[in-house]
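K.L.:
model this:
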Amino acid sequence: MMKRLVVILAIIISTGHADRKLNFKYNPGCTSECSNLLKLAYVRAEGDNDTVHYLFDFTMKPSLVVVTSVKDSVVAIDYEKLKTKGPDNTISFSNVPIYVFGTVLNYLYEFNDINDTACLSNNSDIIGMDFKRFNNWNLTKLQNEEDFVQVTISANSYRSVGINKTGNVSVTLKVFGKEDKGFAFPHLVHTPESGEITLTLDHLKTANPKSRFAVEILTLSSYPYNFSEKITKKTFSDDSASGGVFSSILVNAIGEDFEEGGGYLTWKPVVFKAPDTHALNASSTAQYSIQSHSNAVDWISTPLFNLFGNELFNTQSYLMKATNVSFGETGDEFYLKSNYLYWTFLVGVGAPPNDSLGFFEISIIASLLLLLTITMILVFCIFMRWISSKRNSIIYGQ
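P.N.:
Residues are numbered from 1 along each chain as shown. A predicted model of the protein is given here:
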């Protein structure tokens, strides 16, 4: 019985992704002031056999590019070419990447939800705000440890033709060296091959009292996962750490033979309307169909153009898609009620994480199994003692 218990616990604990050692650099290889050329937060996640590179760029549109490579591959940035010729082909690796998956925050939409449908596609009164036109994205918070890196960027105004807004818009990237659940709601399960991104709108000026917001996200997937992309909704019976959210959305890139294991986005259909991310402050998200998106103007404003240059527009090599996510649900009194919005999603490569048991739940199960084992041993001992006593009574007539 004890041997079986040890085997069960070993299987539970060993299931998961191998840990990675994290290393952070801002504008790697820059020897002087480079922020007028590039704003790149770089995280190197080194494993036993390979390396995952996270390129979080906020020079224009906030973007996260996840690159897998052989273990000793090194990123290089040509700052001189950036300065004299432009961004194309200015980011490279010493070894050709094995796989590249990119995610771009392209547009923030404000829509006037007069009929309270909480549906972007039901509205024609829409204001589109290009993320690259938020004024002066700046690095406002950095936490750098061997197994955890957090980077927050912020902008406090938006100005373009006919649009003038104030308020704080921030994007936070978290990269973890170990597989676990996030420590803040909605407690997404992350792996060492995924980054957690949070978009926050704080007192962003609205055009209408019934305004809601939505975001357009672009994705790019390289060979061999460049055949198609699908969106699915997964439900599960229990998730003790997620405040009653029993489903998740998965967008993942698929290979020509419908094999999975490429890049993905995943999130739970919940958005929080207060800094206290409690279930009482939660509302819903709505997700929309995936569309092809080859608009060169959008892609040039991302680090993917720095990496691939004009080759980026060879549609046979790269899968380029877009999807929208809107925030809020019917009856939640719109964005203006709290003037706050907090939404988190994962960007990763490989097998998407499952909402499996965390360390806390494993500890409880292990304790219960151990308690059950001890109880059974005690019951067995008491039973054998009782049998021995009955046998003696029969033999000696007592």
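K.L.:
in the stretch 151-300 of the chain, where is pLDDT below threshold?
P.N.:
235-246 (pLDDT under 70).
K.L.:
any chance you could map the strands in it?
P.N.:
Using DSSP state E, counting those that start in this stretch, the strands of the stretch 151-300 of the chain run over residues 163-176, 180-181, 189-190, 194-202, 211-221, 228-235, 247-254, 263-267, 270-272, 282-287, 291-292.
K.L.:
starting at the chain centroid, how far to the last one?
P.N.:
In terms of Cα atoms, centre = their mean, to the nearest Å, the gap separating the centre of strand 291-292 from the centre of its chain is 21 Å.
K.L.:
residues touching L201, list them.
P.N.:
By Cβ atoms under 8 Å, 6 or more residues apart in numbering, the contact list for L201 reads 167-169, 213, 335, 340-341. Every residue, glycine included, has its C-beta placed from N, CA and C.
K.L.:
to clarify, my last question referred to V70.
P.N.:
Taking Cβ under 8 Å, 6+ apart as the test, what V70 contacts is 50-51, 95, 98.
K.L.:
now those residues in a markdown table, with distance to T206, pLDDT and neighbour count?
P.N.:
Putting the contacts of V70 into a markdown table (distance: Cβ to Cβ, whole Å; pLDDT from 0 to 100; neighbours: other Cβ atoms under 10 Å) gives the following:
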| residue | distance to T206 | pLDDT | neighbour count |
| --- | --- | --- | --- |
| D50 | 45 | 97 | 17 |
| T51 | 43 | 98 | 23 |
| N95 | 48 | 98 | 13 |
| I98 | 44 | 97 | 17 |
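K.L.:
of all the strands of the stretch 151-300 of the chain, which lies closest to N23?
P.N.:
strand 163-176 (10.5 Å; Cβ to Cβ).
K.L.:
what packs against the closest one?
P.N.:
strand 40-46, strand 50-57, strand 126-130, strand 148-160, strand 194-202 (3 or more Cβ pairs under 8 Å, 6 or more residues apart in numbering; DSSP states H and E).
K.L.:
quick one, that strand and strand 50-57 angle?
P.N.:
Inter-element angle recorded for strand 163-176 and strand 50-57: 160 degrees (by axes from the mean of the first three to the mean of the last three Cα atoms, to 10 degrees).
K.L.:
could you list the paired strands of strand 163-176 along with their orientation?
P.N.:
When sheet partners are counted by DSSP bridges, strand 163-176 sits next to strand 148-160 (antiparallel), strand 194-202 (antiparallel).
K.L.:
most packed of those?
P.N.:
strand 194-202 (a mean of 22; mean count of other Cβ atoms under 10 Å).
K.L.:
can you give the distance from it to the centre of its chain?
P.N.:
Worked out by Cα atoms, centre = their mean, strand 194-202 lies 8 Å from the chain centre.
K.L.:
compute the inter-axis angle for it and strand 40-46.
P.N.:
Interaxial angle, strand 194-202 versus strand 40-46 (the same axes, to 10 degrees): 150 degrees.
K.L.:
quick revisit: dump the contacts of V70 into TSV; add distance to P28 as well.
P.N.:
As requested, these are exported to TSV (distance: Cβ to Cβ, whole Å):
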residue	distance to P28
D50	19
T51	14
N95	16
I98	20
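K.L.:
re earlier: now distance to S317 too, for the helices and strands packed on strand 163-176, in TSV please.
P.N.:
Listed next are the helices and strands packed on strand 163-176 as TSV, based on distance: least, Cβ to Cβ, whole Å:
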stretch	distance to S317
strand 40-46	23
strand 50-57	19
strand 126-130	26
strand 148-160	29
strand 194-202	24
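K.L.:
right, and those strands - which one's nearest I374?
P.N.:
Going by Cβ to Cβ, the one of those nearest I374 is strand 148-160, 36.8 Å.
K.L.:
can you check what angle separates the closest one from strand 126-130?
P.N.:
Using the same axes, to 10 degrees: strand 148-160 against strand 126-130 is 120 degrees.
K.L.:
and the contacts of strand 148-160?
P.N.:
22, 24, 39, 41, 43, 56, 58, 62, 129-130, 133-143, 164-177.
K.L.:
one more pass at 6 Å, please.
P.N.:
For strand 148-160, contacts defined as Cβ atoms under 6 Å, 6 or more residues apart in numbering pick out 22, 24, 41, 43, 56, 58, 129, 133-135, 137, 139-143, 165-166, 168-176.
K.L.:
hmm, back to that, among the contacts of V70, find me the one that's closest to T232.
P.N.:
Closest to T232, out of all of these and judged by Cβ to Cβ, is I98, at 25.2 Å.
K.L.:
give the contact list for that closest one.
P.N.:
Neighbours of I98 in contact, by Cβ under 6 Å, 6+ apart: 68-69.
K.L.:
what's the answer for the one 10 residues further on, then?
P.N.:
Contacts of L108 were listed using Cβ under 6 Å, 6+ apart, and they are 129, 215.
K.L.:
quick check: bridge partners of it?
P.N.:
M129, V215.
K.L.:
may I have the stretch of helix or strand F111 belongs to as CSV, with CA atoms only?
P.N.:
Element membership for F111 (DSSP states H and E) is strand 99-112. Presented in CSV, the C-alpha positions along strand 99-112 are these (Å, rounded to 0.1, in the frame of the first residue of the first chain):
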residue,chain,number,x,y,z
TYR,A,99,9.8,28.1,-34.5
VAL,A,100,8.5,31.7,-34.1
PHE,A,101,5.1,32.7,-32.7
GLY,A,102,4.2,36.4,-32.4
THR,A,103,1.3,38.3,-30.8
VAL,A,104,0.5,42.0,-31.4
LEU,A,105,-1.9,44.3,-29.6
ASN,A,106,-3.1,46.0,-32.8
TYR,A,107,-6.1,48.2,-32.1
LEU,A,108,-8.1,49.2,-29.0
TYR,A,109,-11.8,49.7,-29.9
GLU,A,110,-14.3,51.8,-28.0
PHE,A,111,-17.9,51.1,-29.0
ASN,A,112,-21.1,52.8,-28.0
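K.L.:
what average pLDDT does it get?
P.N.:
Strand 99-112 carries an average pLDDT of 98.
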